[in-house]
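*Asks:* Show me the folded form of this:
(chains A and B)
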Amino acid sequence: MSKFNLSRRAVLRGMLASGAVATVGLPMLEAMLNTNGTALADGNGIPQRFVTYFFGNGFLLNRFVPSATGANYPLSEQLQPLAPVQDYCHVITGMDNRCEKLITHHEGMTIFTGYTMVNISGLSSNPGGPTIDQVVADAIEASGAVTPVKSVQIGISRDLSYMDGGTTMHNLSHRGPSQPLPPEFNPQAVWNTLFGSFTPMNDPSGPLRSSVLDAVKGQTDALKKRLGQKDIQRLDAHLEGVNELQKKIEAIPPACMAPTMPTETNPNVNGPEPIIPVNQIMSDLIAYAFECDVTRVASMLLVGGAAGTVLYDIGTNNEHHLATHNTDPNVQNGIVHQGIVYQMTRFSDFLQTLKNKTDPTGGNLLDNTIVYFSSDCSEGWSHSVKAQPMIVAGKGGGLLKYPGQHFSQPGGNPSDVLLSIVQTFNPAAASFGQLMQSPGSNKPPPGSTTPFAGIKA
Amino acid sequence: MRNTFFATALVTAFVGSAFTSGCSGDIGKLPFDTGGSAGAGVGGGNVGGGAGGDPIENPQFAPAPGGIRKLLARQYINSVKLVLGDVAAANAAPPEDSTLNEFETLAAAELALPPTAVEAYETSARDIAGAVIFDPPSYAKIVPCTPVAADDAACHQQVIENVGHQLWRRALTPEEITPIVDIAKAAGVEYGNFIHGVEYSLMVLLQSPYFLYTVEIGLIDPEHPEWFKLTGPEMATRLSLFLTDSIPDKDLLTQAETGGLETEAQIRDTARALMKKPEARAALNSFYDVLFKLRDLPSATKDAAVFPEWNSTLGQSARMETLMFLEDLVWNQNGDYRDLYNANYTFVDATLATFYGVSPPGGAGFQKVTLPADQKRTGFFGHAGYLARYSHAAQTSPTRRGVFISNMLLCNEIPPPPPGVNTTLPVYDPNNPKTKKQTLEELHYANDQCKGCHLKMDPFAFPLEIYNGIGKYRTVDENGLTLDPTGEVADFGAFTNVTELGQLVHDDPRAMNCIVSNLFKQSMGHSETKGERPAIFAIQDAFEASGFKLQEAIVEIVASPAFSYVNLPK
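*Replies:* Model prediction:
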């Protein structure tokens, strides 16, 4: 889908920035930490990072849900890929996604927002509110921890749902109902966003570019005065983007070893997609970005809900989404199961990448990160959102319980888990998601004011 | 295993039941709920009922809200090329467009830009400006003065006024010019060269919301003080972007600024002049590329084991077939648009000729041909692109093909399937062989929950089963079973083959009203509002009166008061 072309200048900048001579490996200075190494000297906590990871079309619950609860839970067949990081993974099963409306697949995404979707028309909708990664990104920024890139959105398989007209299914990150943050599928473009576009110190273009953006902001403010509410919101989002860019231009280039630009571009092809390598490269880029503190928030969309993705690597030539709707038990227990294990393995690849990288502030990156994972339904064949599984991985800088446990919470509200995650970044957060019923709904709203204490340390 | 599925199915089916009424309503109605006119056939005339005449005098008419719309990526590039030249355009890399409900223009009017897009605009502006100042012809085009110093304010001001006027489609105010001159002076001094001042002033102009968004707010019209009439430059911009995917050139802008784009006659004349440009053809191609999802055909995923013939070359040829057909029908012939649905000819290149089983037409590129009669390829319904795009990776999908006909060709929107139903067909059982049609009929029509909608989509595509999942003609299906090409859709008609299906769509007034609705959405960036209906009905009537010439529908859209008036900004 995306055909982001790197500019000659950007590439040049990037090559300069990543040349072996031009960079120095300089992890966070010890002077920046307090004497225990548990917090920064200025009193702020150790950088907490947050990631959402997603693949669509669900699981097979009888092969996913662990047979016992608590720590050291037995790994089910579909959780087996998480064995190398099981101690970092809380698995929460049984909670019912409380989206008040049903389209198929779309309602499942409420497990990332706590809002019922809006603007429903045929196979089209927008989410009702921001996704958790953006709530967390705002909380991190409000805490005073300003990184050059506020958050990054990454996609792996480009074959998103093509029968689907709105924004809900095509984006894992949203700042609001009409503010999707589209995933970037090209690793080179992600690299450029994270590492390739810093302004070297003493480069006069930095202040000049910033003054250009000041002029643009002035024009935008003037234009807003003539517009209605809807367009004012759109220009406010534009201004937010300008402000973020200004921060990046003014940021000191990260003092760490930037990776070299990947050669992979993940092109749009009518054949097998390089899912395994692209997932790994993107995982590496996020790990580097976390290590360098370029950003603290990411979302990763592996395979879309109701997508056209074919998982060629497992020996199939048909769409995984279509296979999940085939109720033949041989298909479900064959190619569908294998497809789920394959995608869980990609998730595990990502978690292991964080675990295998040392955090300059101590421990490994997964020690200081929270990764939230779910799908768009519990089981693909029915797209049911009852008992929709969730995984919360990472120690979150010691704020989450360790080792990970399996919690069976029949009838529970997923937004309780999301609220507890948000509270690790913003202890003052009192609620998550939508607290009022949607018009015409007689169901409880999907938001929460009651955090799920189970996962907290 | 099956028991588990069944138990969950009961629960979810119950939950989903609230949705099953989605298709129980009257699918036969016209897109605008015009009641009795439904199915009246072509020639009903003035389906809008009531006043007739100039829709602006119709008491039910009200224009849609004004506001801002983002330039599409191709509009950005074309505009940069117009104002700054080819070198600039080659360096332009705006963020990619998204779509909303199948339309890029809806997304451009509704969605907010993500930070990544803002950054892409900045990178693009820097690359354009950096290229322009080092390319003497481009530089000469925009710098009319000889600077006496790096911070020559007067010369910088001239550049900013001239380029800004064109890019922003209006004269800049002194308050707007001053800060840009200051930036240009600072940059000129910093780098010790005037050209870098030009570079930075271009960067401001190109990143300005006044370039990136169209502003459609209008002024009070004394004749209709309840609404706002687009200013001349606003109208020129709306017109030019819709018809040619570019902001207006200097001549058109000057014409609009001097009162030459006010009357309906002036607007019609201007539109016809713009439509003679090659850019008008490209703009309509882009519209169909998105509407019919043709643009991603070259990368459409097909199962290589089932369809070894499919590759990106064939996908590209199939895409071009439909675009060539439409370009010929609309522009070369200025013919009856209904021919799209029952034509006995199409356009093929060597790749497609082989695919369709005819001898290559000779010559480079695409040639008009008649395909073998036994294949029954009838207009659009025989085009490999449509047939492949609305199939699965390894097999046909009468449901997807049928939903497309209903939603996109007739503007009868089919709601989504209720949750909890099995939407995939049973595995083929050689001991109990069934065609896809038989399977669908058993599965979908035995169940009241499914029947309501599926009766209104699948049967459209039963005749199309003679074309496989990449649009190749076949006499039997993949299991060697004889195909039954008959079908019937309530409030539409019965047909026994593709040709009859095509003729029914050809004869159905909804198909012609639907293309007007879709073009209207493309031009305006919103779906029709209730207040715009009298205007839409007038456009549809005029389209019919013209003998369904699409060029006339386009002229009628831009000449409509719905196009030149706006309400309070959204």
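*Asks:* burial count for A:V146?
*Replies:* 12 (other CB atoms under 10 Å in any protein chain shown). Bear in mind the C-beta positions are built from the backbone N, C-alpha and C, glycine included.
*Asks:* give me phi/psi at it?
*Replies:* phi -100, psi 120 (degrees, to the nearest 10).
*Asks:* shouldn't it be in contact with A:K247?
*Replies:* Yes. Using CB atoms under 8 Å, A:V146 is in contact with A:K247, at 6.3 Å.
*Asks:* Looking at the stretch 451-570 of chain B, what residue ends up closest to chain A?
*Replies:* B:P569 (3.9 Å; CB to the nearest CB).
*Asks:* What's the local residue count around that residue?
*Replies:* With other CB under 10 Å as criterion, B:P569 counts 20.
*Asks:* tell me which parts of the stretch 301-450 of chain A are close to chain B?
*Replies:* A:308, A:310, A:317-319, A:322-323, A:325-333, A:379, A:381-384, A:386 (CB under 8 Å from any CB of the partner chain).
*Asks:* so what's residue 55 scoring on pLDDT?
*Replies:* In the absence of a named chain, chain A is used. Reported pLDDT at A:F55 in the predicted model: 98.
*Asks:* my question was about chain B
*Replies:* pLDDT at B:P55 comes out at 90.
*Asks:* Next one: it from chain A, what distance?
*Replies:* 24 Å (CB to the nearest CB, to the nearest Å).
*Asks:* Correct me if wrong: B:L261 contacts B:G232.
*Replies:* Yes. Here B:L261 lies in contact with B:G232, judged by CB under 8 Å, at a distance of 5.0 Å.
*Asks:* which residues are in contact with both of those two?
*Replies:* Counting by CB atoms under 8 Å, 6 or more residues apart in numbering or on different chains, the contacts common to B:L261 and B:G232 are B:Q255.
*Asks:* Now for the residue of the stretch 251-400 of chain B found nearest chain A: which residues touch it?
*Replies:* Using CB to the nearest CB, the single residue of the stretch 251-400 of chain B nearest to chain A is B:D303, 3.9 Å away. By CB under 8 Å, 6+ apart, the residues touching B:D303 are A:310, A:317-318, B:393-394.
*Asks:* at 6 Å what do you get?
*Replies:* Taking CB atoms under 6 Å, 6 or more residues apart in numbering or on different chains as the contact definition, B:D303 lies against A:317, B:393-394.
*Asks:* how about the residues you listed in a markdown table, adding distance to B:K141?
*Replies:* Shown next, in a markdown table, are the contacts of B:D303 (distance: CB to CB, whole Å):
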| residue | distance to B:K141 |
| --- | --- |
| A:N317 | 53 |
| B:A393 | 49 |
| B:A394 | 54 |
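*Asks:* Give me the subset of those lying in helices.
*Replies:* Assignment to helices by DSSP state H places none of the contacts of B:D303 there.
*Asks:* Export these to TSV and append columns for pLDDT and neighbour count.
*Replies:* What follows is the contacts of B:D303, written out as TSV (pLDDT from 0 to 100; neighbours: other CB atoms under 10 Å in any protein chain shown):
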residue	pLDDT	neighbour count
A:N317	86	17
B:A393	87	23
B:A394	87	21
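*Asks:* Out of those, which comes closest to A:S448?
*Replies:* Ranked by distance to A:S448 (CB to CB), the contacts of B:D303 are led by B:A393 at 39.7 Å.
*Asks:* Not counting sequence-adjacent ones, nearest residue to the closest one?
*Replies:* B:D303 (4.8 Å; CB to CB, 6 or more residues apart in numbering or on different chains).
*Asks:* Show me what the mean pLDDT comes to for stretch A:221-233.
*Replies:* 97.
*Asks:* Ok, stretch A:399-410 next?
*Replies:* Stretch A:399-410 comes out at a mean pLDDT of 97.
*Asks:* got the domain boundaries for the chain?
*Replies:* In the absence of a named chain, chain A is used. Per the record, chain A has its domains at A:8-197+A:257-455, A:199-250, by automatic domain parsing.
*Asks:* Chain B is the one I meant
*Replies:* According to automatic domain parsing, the ranges for chain B are B:70-215, B:287-507.
*Asks:* most tightly surrounded among those?
*Replies:* domain B:70-215 (a mean of 21; mean count of other CB atoms under 10 Å in any protein chain shown).
*Asks:* and that one with chain A, contact?
*Replies:* Yes. Using CB under 6 Å from any CB of the partner chain, domain B:70-215 comes into contact with chain A via B:93, B:96, B:101-102, B:110-115, B:118-119, B:122-123, B:127, B:179, B:183, B:187, B:190, B:200, B:203-204, B:207-209.
*Asks:* one step back: how about the residue of the stretch 451-570 of chain B closest to chain A, what does it touch?
*Replies:* Going by CB under 6 Å, 6+ apart, the list of residues near B:P569 reads A:227-228, B:65-67, B:217.
*Asks:* from the residues you listed, which ones fall inside strands?
*Replies:* Within those, residues falling in strands by DSSP state E are B:G67.
*Asks:* Highest neighbour count among the contacts of B:P569?
*Replies:* Neighbour max across those (other CB under 10 Å) = B:G67, 26 neighbours.
*Asks:* Any idea how far apart the tips of stretch B:206-214 sit?
*Replies:* Stretch B:206-214 has an end-to-end distance of 13 Å (CA to CA, to the nearest Å).
*Asks:* Show me where the stretch 151-300 of chain A has its helices.
*Replies:* A:187-191, A:205-224, A:229-250, A:275-292 (DSSP state H, counting those that start in this stretch).
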